[in-house]
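Visitor: Sharing a sequence plus its predicted fold:
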Number of protein chains: 2
Amino acid sequence: MLHEGDNLQILSKLPTGSVDLIYLDPPFFSQRTHRLSSKGAKQKFEFEDTWESIGAYISFLELRLIEMRRVLKDTGSIFLHCDKAASHHIRVLLDKVFGIENFQSEIIWSYKRWSNSKKGLLNNHQNIYFYSKSSDFKFIPTFEAYSATTNIDQIFQKRERNADGKAAYKQSASGDPELMKEKKGVPLSDVWSIPFLNPKAKERTGYPTQKPILLLERIIELTTEPGDMVLDPFCGSGTTLIAAKLLGRSYLGIDKSSDAITLTQARLDAPVKTRSALMEKGVNSYRSKSGLERSRMEMLDIQPVERNKGIDGFAKVGGQIRPIPVLFQKANESLPTAVGKIVRASAKNKFRMGVVIGTENSDVEIREYDSLTIATCGVSDYAEAVKSLDSLLKAIPKDLQSDVEIIAKEPKCDVTLF
Amino acid sequence: MLHEGDNLQILSKLPTGSVDLIYLDPPFFSQRTHRLSSKGAKQKFEFEDTWESIGAYISFLELRLIEMRRVLKDTGSIFLHCDKAASHHIRVLLDKVFGIENFQSEIIWSYKRWSNSKKGLLNNHQNIYFYSKSSDFKFIPTFEAYSATTNIDQIFQKRERNADGKAAYKQSASGDPELMKEKKGVPLSDVWSIPFLNPKAKERTGYPTQKPILLLERIIELTTEPGDMVLDPFCGSGTTLIAAKLLGRSYLGIDKSSDAITLTQARLDAPVKTRSALMEKGVNSYRSKSGLERSRMEMLDIQPVERNKGIDGFAKVGGQIRPIPVLFQKANESLPTAVGKIVRASAKNKFRMGVVIGTENSDVEIREYDSLTIATCGVSDYAEAVKSLDSLLKAIPKDLQSDVEIIAKEPKCDVTLF
DNA sequence: AGGGAGCCTGAATCCTCAA
DNA sequence: GTTGAGGATTCAGGCTCCC
């Protein structure tokens, strides 16, 4: 169900204790008007986020949060999405309205985003405050995969405390370890790495500050079951309601803008969810390189590239990444094959030179392929790699020297990495 | 230099405008006493973190923050480390003392830690507030590697706006792309993934709430240059000062506990920094499997194992990880070799059955190796894998059936992964 | 009901032993 | 002797249980 109007009016008419989950994404107190002007779009959406003072902003929220608390069931939860602009004032308010004892989590939504370098750190997260109405809130335990450092094969073994009070693996009379029947994984963390909605994503509606469906799905699945009622009093483009619908929950959306309500209705009628590989499989699925390859590149100070068959990385000079592609010969391919790959991959980009590192030790060789200068060398261990890379660079023709004053670096730590 | 005593007294004697960076890690308002009860330790450190009220806690901090602001240079910065217990009240206070306009970042220190199943989400982050004394603060630009999804080979190309105002890759007269000479990487984010100090780390001193040196090094390198003065008014085990010393900065530490001062002095005399693989190389260095292997396991719903030569992962049933090891036959090994590996790896742990997935398509076969039942099947593509795994499980002996009702899953996305 | 003791867990290290 | 696979160990948070 959708309502157009001031959410305070509409909330006050809703029955007490009728909602299982409230997610709200109010204006963040950014003190500016948000609009998205995608050239192709038929429609231009915008909303105001300018306030007289932080006090005015907080009073605005307070009136509404009091009503939200009222309409929430005793087992219900509320998720308030905000950012650094007012997160501290909002949490003080939430403590007041819902009670400190009902604070459950500060969820950090972290993402990578296109950057325009500024003085200081890039803002790559937003905050979501999770409060329950009571200690008896509904919560569906959710688990993640174990960390790569966890000894999963070990922790199947049951443990006990021995005479000294030390923990040790439990053993049956015969000396065999006793195993657990199953393991669940690790409880979900409060730091969520979910990609920011890419400017190119099909899911985008043109509405500013639109949130990814995946984020809302996670919130809904954590605290509700199918059929439960989900309320979004600042529904905007309607992402919360789309997610609720896709998961078989009932939903109620409020927004004061008729454009927003129209858009939401249209999205509900025909939901589009980006099947982005990044969203569904995570950034790790992009990592095509093994730990060995990655640590080898780290030691040679090479910036890895994950999406190109003919380029494993780019050489760095003094911390700067240079347009000099590097390729490692693979175990099942010949050196000429590897060279062919890097030449093909470099052609479009007009890189002037590249490096191929072979699997067998060999002297440095420099050859021209069309307009590309390729150096090949072989490594079997780190010292050799550095030495080869060094002599490789010394052997480079004079006119290319200025481009490639690579200094072979000391390894970053004493530990042998491969 | 180290001072024992109440930092308010000692701060008030420090000259105005004499410090470049202040990092403080005050008690978090946890309302409990922190102690580390390591059995073997000679010494037991503890500190009180119980307060009459949040008001008392904030006043305590306010008096001290006012002095800290005074001793800071105009180009100086302060980093206040806290957690969800009082972060909102602390930020309100910082706004008051340093000015809203001098807020720079909310840094999220995120980490994985030994878990503690609870209702709700695991607390896996702490907050660090970064304020400057003025807009003219010292800041050393710092860069990270590009994300795995970035088209690095593309971003070397210069861009321009064409007639329609759209951005496009710049081309020379001959139609070739023009390349940038170098790229720096991505500016550092405000979400920092740095490992938590593990219970087994040599770097541990026995002092509770000890922070990793790596975290402090990053803060110091961001806002100071060699020779600059770093102040930690709640220095505890002295991590800030160790990091400052290692980076050639001057340092000043204050703590009211003489145990803490003694410990800090001892650490300064002989700094121990864990050369931990995780800290220095990141979690990805633990991933021994290629993207192909990992995505294959994801599709078959297998939990990967990274530390065992004879086990690639464990089978899941209904989302639960079961003690059923799975091994993929490698390209350069025979099926019997693979079976030998999984049998050896499983022997000590007394797993009852395992699965070997071969490289060639073949029917499912079940054989006994000592007390271990091994099922082998072959796959060459996804559809075949699902079919094989399915028939494999149907072929499993009756008495093991209850252990392995694996249902072959639908692929999670349309993209063909192998 | 309230407080304290003890249990369970898994991340990440240390450390042993076999190749 | 060297390496590295994998077995052993630590410990704080949050739970339960007991007094």
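Guide: Structure's in. What do you need? Numbers count the residues shown, from 1 in each chain, chains lettered A, B, ... in the order given.
Visitor: for the closest residue to DNA strand C within chain A, helix, strand, or coil?
Guide: Residue nearest to DNA strand C within chain A: residue A:150 (3.1 Å; Cβ to the nearest atom of the strand). Where C-beta positions appear, they are placed from N, C-alpha and C, glycine not excepted. Three-state call for residue A:150 (DSSP: H, G, I helix; E, B strand; the rest coil): coil.
Visitor: Okay, domains of chain A per the record?
Guide: A:2-142+A:188-280, A:151-186, A:288-401 (automatic domain parsing).
Visitor: out of those domains, nearest to residue B:354?
Guide: domain A:151-186 (11.6 Å; Cβ to Cβ).
Visitor: Give me the residue ranges of the stretch 201-350 of chain A where confidence is low.
Guide: A:201-202, A:272-301, A:303, A:306-308, A:316-323, A:331-332, A:348-350 (pLDDT under 70).
Visitor: In which helix or strand does residue A:136 reside?
Guide: Using DSSP states H and E, no element contains residue A:136; it sits outside every helix and strand.
Visitor: burial measure for residue A:185, as a count.
Guide: Other residues within reach of residue A:185, judged by other Cβ atoms under 10 Å in any protein chain shown, total 18.
Visitor: just residue A:138 next, same as before
Guide: By other Cβ under 10 Å, neighbour count at residue A:138 equals 17.
Visitor: Distance of it relative to residue A:222?
Guide: According to Cβ to Cβ, to the nearest Å, residue A:138 stands 9 Å off from residue A:222.
Visitor: Which parts of the stretch 101-250 of chain A are helices?
Guide: Secondary structure of the stretch 101-250 of chain A, counting by DSSP state H, counting those that start in this stretch: helices at A:152-155, A:213-223, A:239-246.
Visitor: if you compare those helices, which one is most tucked away?
Guide: helix A:239-246 (a mean of 25; mean count of other Cβ atoms under 10 Å in any protein chain shown).
Visitor: what angle separates that helix from helix A:213-223?
Guide: 60 degrees (axes from the mean of the first three to the mean of the last three Cα atoms, to 10 degrees).
Visitor: tell me what the helix or strand following helix A:239-246 is packed against?
Guide: Next in sequence after helix A:239-246, counting helices and strands by DSSP H and E, comes strand A:250-255. Packing partners of strand A:250-255 (3 or more Cβ pairs under 8 Å, 6 or more residues apart in numbering or on different chains; DSSP states H and E): strand A:2-4, helix A:7-13, strand A:229-232, helix A:239-246, helix A:258-269.
Visitor: Within the sheet, what are the partner strands of strand A:250-255, with directions?
Guide: When sheet partners are counted by DSSP bridges, strand A:250-255 sits next to strand A:2-4 (parallel), strand A:229-232 (parallel).
Visitor: Looking at these, which one is packed in the most?
Guide: Comparing the strands paired with strand A:250-255 by mean neighbour count (mean count of other Cβ under 10 Å), strand A:229-232 comes out on top with a mean of 25.
Visitor: near DNA strand C at all, stretch A:174-187?
Guide: Yes. Legend: contact between stretch A:174-187 and DNA strand C by Cβ under 7 Å from any atom of the strand is shown at A:183, A:184, A:185, A:186.
Visitor: Residue A:144 is in contact with the third one, correct?
Guide: I take that to be residue A:185. Yes. Between residue A:185 and residue A:144 there is a contact under Cβ atoms under 8 Å: 5.7 Å.
Visitor: Share the number of residues neighbouring residue A:261, please.
Guide: 20.
Visitor: so it touches residue A:10, yeah?
Guide: No. Using Cβ under 8 Å, residue A:261 is not in contact with residue A:10; the gap is 11.8 Å.
Visitor: which residues do those two both contact?
Guide: residue A:3 (Cβ atoms under 8 Å, 6 or more residues apart in numbering or on different chains).
Visitor: returning to what we had before: residue A:208 is nearest to which of the helices and strands packed on strand A:250-255?
Guide: Of the helices and strands packed on strand A:250-255, nearest to residue A:208 by Cβ to Cβ is helix A:258-269, at 10.7 Å.
Visitor: How about the contacts made by the nearest residue to residue A:258 once chain neighbours are set aside?
Guide: Leaving aside its chain neighbours, residue A:258 sits nearest to residue A:4 (5.5 Å; criterion: Cβ to Cβ, 6 or more residues apart in numbering or on different chains). The neighbourhood of residue A:4, defined by Cβ under 8 Å, 6+ apart, consists of A:254, A:255, A:256, A:257, A:258, A:261.
Visitor: Pull up the residues of chain A that are close to DNA strand C.
Guide: So far as Cβ under 7 Å from any atom of the strand goes, chain A lies against DNA strand C at A:146-147, A:149-151, A:154-155, A:158-161, A:167, A:183-186.
Visitor: please redo it, this time with the cut-off set to 10 Å
Guide: Chain A comes close to DNA strand C at residues A:143-152, A:154-161, A:165, A:167, A:170, A:180, A:183-187, A:189, A:415, as judged by Cβ under 10 Å from any atom of the strand.
Visitor: Run the contact check for the longest strand seen in chain A versus DNA strand D.
Guide: Counting by DSSP state E, the longest strand found in chain A is strand A:72-82. No. Using Cβ under 10 Å from any atom of the strand, strand A:72-82 stays clear of DNA strand D, coming no nearer than 14.8 Å.
Visitor: I'd like the next helix or strand past that strand.
Guide: helix A:87-98.
Visitor: What would that following helix look like as PDB? C-alpha coordinates only.
Guide: C-alpha atoms of helix A:87-98 as PDB (Å, rounded to 0.1, in the frame of the first residue of the first chain):
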ATOM      1  CA  SER A  87      24.300  10.400  12.900                       C
ATOM      2  CA  HIS A  88      25.300  11.400  16.400                       C
ATOM      3  CA  HIS A  89      22.300  13.600  17.000                       C
ATOM      4  CA  ILE A  90      20.000  11.000  15.600                       C
ATOM      5  CA  ARG A  91      21.400   8.300  17.900                       C
ATOM      6  CA  VAL A  92      20.900  10.500  20.900                       C
ATOM      7  CA  LEU A  93      17.300  10.900  19.800                       C
ATOM      8  CA  LEU A  94      16.800   7.200  19.200                       C
ATOM      9  CA  ASP A  95      18.200   6.500  22.700                       C
ATOM     10  CA  LYS A  96      15.600   8.900  24.000                       C
ATOM     11  CA  VAL A  97      12.600   7.500  22.000                       C
ATOM     12  CA  PHE A  98      13.400   3.800  22.000                       C
END
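Visitor: what sits up against it?
Guide: Helix A:87-98 is contacted from outside by A:29, A:54, A:57-58, A:61-62, A:65-66, A:69, A:78, A:80, A:82, A:103, A:106, A:127, A:129, A:131-133, B:87-89, B:91-92, B:95, B:106, using Cβ under 8 Å, 6+ apart.
Visitor: Are any of these buried, and if so which?
Guide: Neighbour counting by 16 or more other Cβ atoms under 10 Å in any protein chain shown classes A:29, A:54, A:57-58, A:61, A:65, A:69, A:78, A:80, A:82, A:103, A:106, A:127, A:129, A:131-133, B:87-89, B:91, B:95, B:106 among these as buried.
Visitor: circling back to that earlier point, I'd like the residues of stretch A:174-187 next to DNA strand C as CSV, with pLDDT appended.
Guide: Converted to CSV, the residues of stretch A:174-187 next to DNA strand C look like this (pLDDT from 0 to 100):
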residue, pLDDT
A:183, 84
A:184, 84
A:185, 86
A:186, 89
